[in-house]
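In: predicted structure and sequence below. I'll ask about it afterward.
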Amino acid sequence: MRKITALLLALCVLCLCACTSSPAPKTLELFAMDTYMTLQVYGDEAVLSALSQKINVLDRLLSATNEAGQLYALNQTGRVSCDRELTALLTDSLALSARTDGALDVTVYPAVMLWGFPTDDYRVPTDAELSEALSHIGADHVQLSGDAVNLDQGTMLDFGAVAKGYAARACLELLEASDASAAILSLGGNIQTYGSKPGGDWLIGITDPTGETDYFATLSLSGTHAIVTSGSYQRYFEQDGKRYHHILVPKTGEPAETGLLSVTVVCDDALTADGLSTALFVMGLEKASDFYRDSDDFEAVFYSENGTVYVTEGLTNAYRGTDYEVIAR
Ligand code: AMP
Ligand code: MG
């Protein structure tokens, strides 16, 4: 079910992107990082295979569930001499964790596992289980020195909130070193544009989190950007009539009920966009708006539970869709 939804999402994004293009891009589709991905490149077909190879390498390296991967080994043993890419992502993730006051926290995995999200084996944990898990969550349980990572007993990492952003960042580096003139990559809910699309702006649909329509809005953007959406609709289960979704508050280990259904972040850097979309969802509208006013590196669209859409000041020119309220800087 999750895979079908991801495929439809990827295809819909593809459609929006393809409608107005003049020369047709070369396209490659793949399944990686537990989602369908679509890579479209203008002007240098050869880079497509380099992009997919890079994504597959990172998938194996950064997956918490791939037994052949390095993150899996780190989570099992608590101590691994790590690949440069893994330590780079961990360093940036810890910095984002500090910046967001722990709203993003890659040590949240013990709680994520209790809810059954990695294995689709869903259940509501007991209070005792959650409090045991919480004793292993927090950046202070991670020691990083050079390429050596040490995790305290019981602490485990989950890059689910940032790995696709890191992959998009790595892909952008490959595109910049290639002869491609432009590209758009759809890595699940993460979109990366590169360069000027022939014949017009990039059109990025933002998924309607209620499911009543495909998209509630489109962003019309030119140039290179990362556009990332986090939403409670993307992964959830229901038990006794209540819905439990996959974005957790690291301080409680429970799904974030902050009045939002989705957050979309637009940023120059894909890893920052990915980390912040998760963190802003956890913060909720009020704290996220204050965080926006204190920052200068992103714009955002919020879809609240009561259907009101909020768009940050710097994105109103790009936004086409449902009525909205402006978040001024
Ligand atoms: P995203 O879809 O990018 O918002 O990331 C959500 C995924 O990241 C979840 O499926 C979990 O694997 C993990 N996760 C959930 N909550 C958090 C959090 N507060 N900080 C870091 N990772 C999280
Ligand atoms: Mg994220």
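Out: On my side now, so go ahead. Ligands and ions are numbered 1, 2, ... in the order given.

In: restricting to C-alpha, output the helix or strand hosting Leu71 in PDB.
Out: For Leu71, the enclosing helix or strand under DSSP states H and E is helix 70-77. Output in PDB follows, covering the C-alpha atoms of helix 70-77 (Å, rounded to 0.1, in the frame of the first residue of the first chain):
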ATOM      1  CA  GLN A  70      26.900   0.200   8.000                       C
ATOM      2  CA  LEU A  71      24.200   1.900  10.000                       C
ATOM      3  CA  TYR A  72      22.700  -1.400  10.800                       C
ATOM      4  CA  ALA A  73      26.100  -2.600  12.100                       C
ATOM      5  CA  LEU A  74      26.500   0.600  14.100                       C
ATOM      6  CA  ASN A  75      23.000   0.100  15.700                       C
ATOM      7  CA  GLN A  76      23.800  -3.500  16.600                       C
ATOM      8  CA  THR A  77      27.300  -3.000  18.100                       C
END
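
In: can you pull the residues of the stretch 151-300 of the chain lying near ligand 2?
Out: Where the stretch 151-300 of the chain comes near ligand 2, counting by Cβ under 5 Å from the ion, the residues are Ala161, Asp274, Ser277, Thr278. Yep, even glycine has a C-beta here, placed from its N, CA and C like the rest.

In: try it again with 6 Å
Out: By the rule Cβ under 6 Å from the ion, the part of the stretch 151-300 of the chain lying against ligand 2 is Ala161, Val162, Ser230, Asp274, Gly275, Ser277, Thr278.

In: can you redo the residues you listed as TSV with neighbour count?
Out: What follows is these, written out as TSV (neighbours: other Cβ atoms under 10 Å):
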residue	neighbour count
Ala161	27
Val162	28
Ser230	26
Asp274	33
Gly275	29
Ser277	30
Thr278	27
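
In: quick check, the host helix or strand of Tyr194 touching ligand 1?
Out: In the assignment (DSSP H and E), Tyr194 maps to strand 190-195. No: for strand 190-195, no contact with ligand 1 is found by Cβ under 6 Å from any ligand atom; the gap never falls below 7.9 Å.

In: who does that strand touch, helix- and strand-wise?
Out: On a contact count with 3 or more Cβ pairs under 8 Å, 6 or more residues apart in numbering; DSSP states H and E, strand 190-195 meets helix 163-176, strand 182-187, strand 202-207, strand 226-231, helix 270-283.

In: just the C-alphas of the first one, formatted as PDB.
Out: Output of helix 163-176 as PDB, limited to C-alpha atoms (Å, rounded to 0.1, in the frame of the first residue of the first chain):
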ATOM      1  CA  ALA A 163      18.700  10.400   4.300                       C
ATOM      2  CA  LYS A 164      16.700  11.400   1.200                       C
ATOM      3  CA  GLY A 165      17.800  15.000   1.800                       C
ATOM      4  CA  TYR A 166      21.400  13.900   2.000                       C
ATOM      5  CA  ALA A 167      21.000  11.800  -1.100                       C
ATOM      6  CA  ALA A 168      19.500  14.800  -3.000                       C
ATOM      7  CA  ARG A 169      22.400  17.000  -1.900                       C
ATOM      8  CA  ALA A 170      24.900  14.300  -3.100                       C
ATOM      9  CA  CYS A 171      23.000  14.100  -6.400                       C
ATOM     10  CA  LEU A 172      23.200  17.900  -6.800                       C
ATOM     11  CA  GLU A 173      27.000  17.700  -6.600                       C
ATOM     12  CA  LEU A 174      27.000  15.100  -9.400                       C
ATOM     13  CA  LEU A 175      24.700  17.300 -11.500                       C
ATOM     14  CA  GLU A 176      26.900  20.300 -11.000                       C
END
